[in-house]
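Peer 1: Coordinates only, no sequence provided:
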């Protein structure tokens with residue numbers, strides 16, 4: 001998985017924006033103004049992904065390519081090396097789950113506005 005494929009995957013989702021709020025080396029994807037994925041742009045690709053606390057624990061225990069989220073709440077975020085993970089389908093599933101988790105936590109009005117744009 002490269003950064004361009006990752007960008008396209010994320011930007012195809014309803015209501016997703018991208019920005020560089022932490023500097024030129026960290027690409028942030030948000031839905032409804034809330035972060036669901038961060039990707040470093042300097043050096044090897046690493047992703048910070050949001051997940052339910054029980055999923056964070058499971059992934060940390062099961063995958064050597066997963067570490068606690070860098071500069072994030074380690075209860076809700078994990079960091080993954082996509083190349084070491086070696087499973088793009090699983091990675092995309094985790095990204096989709098992160099997006100859905102954040103979307104489901106948005107106010108009902110905001111969520112309806114976002115999902116109304118979905119074809």
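Peer 2: Okay, I see it. Given the structure is predicted, the values throughout are model-derived calculations rather than measurements. Numbers count the residues shown, from 1 in each chain.
Peer 1: In three-state terms, label the spatially most central residue of the chain for me.
Peer 2: In the chain, the centroid-proximal residue (C-alpha atoms, centre = their mean) is residue 37; its distance is 2.6 Å. What DSSP: H, G, I helix; E, B strand; the rest coil gives for residue 37 is strand.
Peer 1: Dig out what the closest residue to it other than its chain neighbours forms beta bridges with.
Peer 2: Nearest residue to residue 37, sequence neighbours excluded (C-beta to C-beta, 6 or more residues apart in numbering): residue 29, at 4.3 Å. (Each C-beta comes from the backbone N, C-alpha and C, glycine too.) On the basis of DSSP bridges, residue 29 is bridged to residue 18, residue 37.
Peer 1: residue contacts, residue 29?
Peer 2: When contacts are counted by C-beta atoms under 8 Å, 6 or more residues apart in numbering, residue 29 touches 10, 11, 16, 17, 18, 35, 36, 37, 38, 39.
Peer 1: What pLDDT is listed against the residue lying closest to residue 104 once chain neighbours are set aside?
Peer 2: Excluding the flanking residues, the one nearest residue 104 by C-beta to C-beta, 6+ apart is residue 111, at 7.4 Å. Residue 111 carries a pLDDT score of 94 in this model.
Peer 1: For the strand or helix carrying residue 111, enumerate the helices and strands it packs against.
Peer 2: Secondary structure assignment for residue 111, by DSSP states H and E: helix 108-116. Contacts defined by 3 or more C-beta pairs under 8 Å, 6 or more residues apart in numbering; DSSP states H and E place helix 108-116 against helix 88-104.
Peer 1: Please identify the buried residues of the helix it packs on?
Peer 2: Within helix 88-104, the residues that count as buried by 16 or more other C-beta atoms under 10 Å are 91, 92, 94, 95, 97, 98, 99, 101, 102, 103.
Peer 1: mind checking pLDDT for the fifth one?
Peer 2: Residue-level confidence at residue 97 comes out at 98, pLDDT.
Peer 1: residues in contact with it?
Peer 2: Contacts of residue 97 (C-beta under 8 Å, 6+ apart): 51, 55.
Peer 1: Tell me who's in contact with the residue nearest to residue 102 when sequence neighbours are not counted.
Peer 2: What sits nearest to residue 102 in space, not counting adjacent residues and going by C-beta to C-beta, 6+ apart, is residue 36, at 4.2 Å. By C-beta under 8 Å, 6+ apart, the contact list for residue 36 reads 29, 30, 49, 50, 95, 98, 99, 101, 102.
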